[in-house]
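Structure here, sequence nowhere to be found:
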């Protein structure tokens, strides 16, 4: 079977993060590369953080997607360098997060700076900037828990990683 890199990227758009099911692995930016050599498909993935429990499920979902598409000759490699960053998330992925009720990552300042200011996380439901952090940890380790002071709704914030 002859398949193109573009077709592989399209297949990967159908593999979703089990912890944030609105995001595909492409939206999330964990697919680092796709290549085809001598009818073999090579995929490199980068976890959002070391020890992310979703990575095993994601890899199995990629394998399942390939099996459904009759792609049998492939190799999935995990690379931790360079480390994943929320900068790799797609614009479409950020929009999907907000529509799903999770505040997308903000352009956070360098926390080591003496002049770092608290991050303002707008409410994904009413867009108010009047929010407060309830907990540094939300429903998963990659999210924080916030509440909007205007609409009073709680929401998760997808933390910025750099």
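Everything's here; your move. Not measured: the values here are computed from a predicted model.

pLDDT score for the residue most central in space within the chain?
Centre of the chain computed as the mean C-alpha position; nearest residue by CA atoms, centre = their mean is residue 28, 2.9 Å away. pLDDT, residue 28: 95.

Assess the claim that it and residue 86 are in contact.
No - Residue 28 is not in contact with residue 86 according to CB atoms under 8 Å; the separation is 9.3 Å. In short, each C-beta sits where N, CA and C put it, glycine included.

which residues of the chain fall in helices?
Along the chain, the segments classed as helices by DSSP state H run 5-12, 25-28, 54-68, 91-100.

ok, and for the third one, which residues are buried?
Same thing as helix 54-68. 54-55, 58-59, 61-62, 65-66 (16 or more other CB atoms under 10 Å).

what does the first one give?
Judged by neighbour count using 16+ other CB under 10 Å, the buried positions of helix 5-12 are 8, 11-12.

Quick one: low-confidence residue ranges for the chain.
For the chain, applying pLDDT under 70 flags the ranges 1, 108-118, 162.

ok so, going back, can you list the buried residues of helix 54-68 in JSON lines and add distance to residue 47?
Output for the buried residues of helix 54-68, formatted as JSON lines (distance: CB to CB, whole Å):
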{"residue": "54", "distance to residue 47": "8"}
{"residue": "55", "distance to residue 47": "5"}
{"residue": "58", "distance to residue 47": "9"}
{"residue": "59", "distance to residue 47": "10"}
{"residue": "61", "distance to residue 47": "14"}
{"residue": "62", "distance to residue 47": "13"}
{"residue": "65", "distance to residue 47": "18"}
{"residue": "66", "distance to residue 47": "19"}
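
Walk me through the domains of this structure.
Per the record, the chain has its domains at 5-84, 100-158, by automatic domain parsing.

how long is the first one end to end?
Distances were taken as CA to CA, to the nearest Å; on that basis the terminal residues of domain 5-84 are 22 Å apart.

cool, the last one as well?
The distance separating the two terminal residues of domain 100-158, taken as CA to CA, comes to 12 Å.

how far does that domain sit from the chain's center?
Relative to the chain's own centre, domain 100-158 is displaced by 16 Å; criterion: CA atoms, centre = their mean, to the nearest Å.

Please determine how far residue 67 is located from residue 44.
In this structure, residue 67 and residue 44 are 20 Å apart, going by CB to CB, to the nearest Å.

Show me the strands in the chain, by range?
Secondary structure of the chain (DSSP state E): strands at 31-37, 40-45, 74-78, 102-103, 131-135, 143-148, 154-158.
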